[in-house]
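Q: pasting the structure only:
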């Protein structure tokens with residue numbers, strides 16, 4: 001009884017599916033017939049198309065044919081076990097799955113061709129409009145025009161006259177357009193404040209506070225200044241040369257000044273009582289220290305017409 005009641009309960013849904021299937025088949029048949037008539041009338045040119053799309057259409061058509069065949073056998077009460085159409089459906093489905101990467105690669109080209117066929121022109125922002133065209137490198141003159149030009153050139157050479165086809169223009173460098181400096185005092189103050197904040201964040205006070213309250217392990221670095229390292233290497237090289245060659249090398253004033261500046265930069269005693277300015281971080285007004293902008297030495301310029309004083313001889 002249960003086996004007989006089960007098909008009776010499925011009859012309404014089966015009848016509904018058959019009605020929907022009949023309506024869809026009629027709609028698809030009408031659409032295919034109208035499309036076939038348009039193709040036969042030449043409304044849709046099918047020559048010189050993409051072979052990829054043609055293969056894909058053939059596979060989809062074969063898939064639908066085998067699927068319809070299976071539906072017919074199932075409706076007739078036949079068995080699907082060992083059916084040839086099932087194996088063909090599996091094979092076609094596998095091929096269609098393998099074609100998906102190619103479909104993704106050709107999607108832009110296919111969409112461009114379809115859009116060109118519908119609108120008749122490409123978009124101005126289409127990147128393929130800017131690709132090189134080798135055909136533009138070909139001569140646009142006809143063979144007859146080229147022969148006439150060659151004949152005219154031959155006559156001009158025979159008469160001793162040179163034909164000038166074009167005059168090369170002189171290269172004119174591009175001129176720099178002057179731009180108005182429209183930076184206001186507020187913008188300059190804002191930039192100066194940003195520089196002061198960056199300088200304060202990299203100061204020794206903030207660095208020590210960060211190391212004190214940070215949970216990260218303490219890093220111990222070599223505090224040797226690179227100028228001192230380079231100077232020590234040069235001094236060692238000089239000492240080795242003097243000891244090996246038994247000579248004493250003279251030191252120029254420029255070298256002495258450089259050593260003096262390096263010693264000042266590497267000196268650590270001057271920073272014992274010096275604290276970096278962090279007023280830019282606390283809302284105060286940052287001021288420039290003398291260490292940041294040291295006073296420049298005035299260069300002595302000898303006056304013209306003044307003679308150098310020499311040593312006087314004592315009598």
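A: Perfect, thanks for sending it. Model, not experiment: these values are computed from the prediction.

Q: can we go C-alpha only for contacts and neighbour counts from here?
A: Noted.

Q: helix, strand, or coil at residue 218?
A: Reduced to three states with DSSP: H, G, I helix; E, B strand; the rest coil, the structure at residue 218 is coil.

Q: residues near the residue nearest to it when sequence neighbours are not counted, how many?
A: Among residues not flanking residue 218 along the chain, residue 211 sits closest, at 6.9 Å (Cα to Cα, 6 or more residues apart in numbering). Using other Cα atoms under 10 Å, the number of residues around residue 211 comes to 14.

Q: next one: residue 89
A: Residues within reach of residue 89, counting by other Cα under 10 Å, total 19.

Q: and it, what's its pLDDT?
A: According to the prediction, residue 89 has pLDDT 91.

Q: that one contacts residue 66, doesn't it?
A: Yes. Assessed by Cα atoms under 8 Å, residue 89 is found in contact with residue 66 at 6.7 Å.

Q: immediately after the one helix or strand residue 33 maps to, which helix or strand?
A: Using DSSP states H and E, the element containing residue 33 is helix 2-41. Downstream of helix 2-41, the first helix or strand assigned by DSSP H and E is helix 51-75.

Q: neighbours of residue 239, how many?
A: Residues near residue 239, counting by other Cα under 10 Å, number 15.

Q: for it, give its distance to residue 246.
A: Separation of residue 239 from residue 246 (Cα to Cα, to the nearest Å): 10 Å.

Q: ok so, going back, secondary structure class for the residue nearest to residue 218?
A: helix.

Q: go on, residue 169?
A: Assignment for residue 169 (three-state DSSP): coil.

Q: and residue 292, what's its pLDDT?
A: Confidence at residue 292, expressed as pLDDT, is 50.

Q: ignore what I typed, I meant residue 236.
A: 86.

Q: count of residues packed around it?
A: By the measure other Cα under 10 Å, the count of residues near residue 236 is 12.

Q: and if you look at residue 207?
A: Neighbourhood size, residue 207 [other Cα under 10 Å]: 12.

Q: ok, and the closest non-adjacent residue to it?
A: In space, residue 207 is closest to residue 201, 7.7 Å off (Cα to Cα, 6+ apart).

Q: tell me the pLDDT at the one you found?
A: 78.

Q: same check on residue 143?
A: pLDDT, residue 143: 51.

Q: verify the contact between residue 200 and residue 206 for me.
A: Yes. Here residue 200 reaches residue 206: they are 7.3 Å apart, a contact under Cα under 8 Å.

Q: settle it for me: which of the two has more neighbours?
A: residue 200 (20 against 14).

Q: the residue nearest to residue 207: neighbour count?
A: Residue 201 has 17 nearby residues by other Cα under 10 Å.
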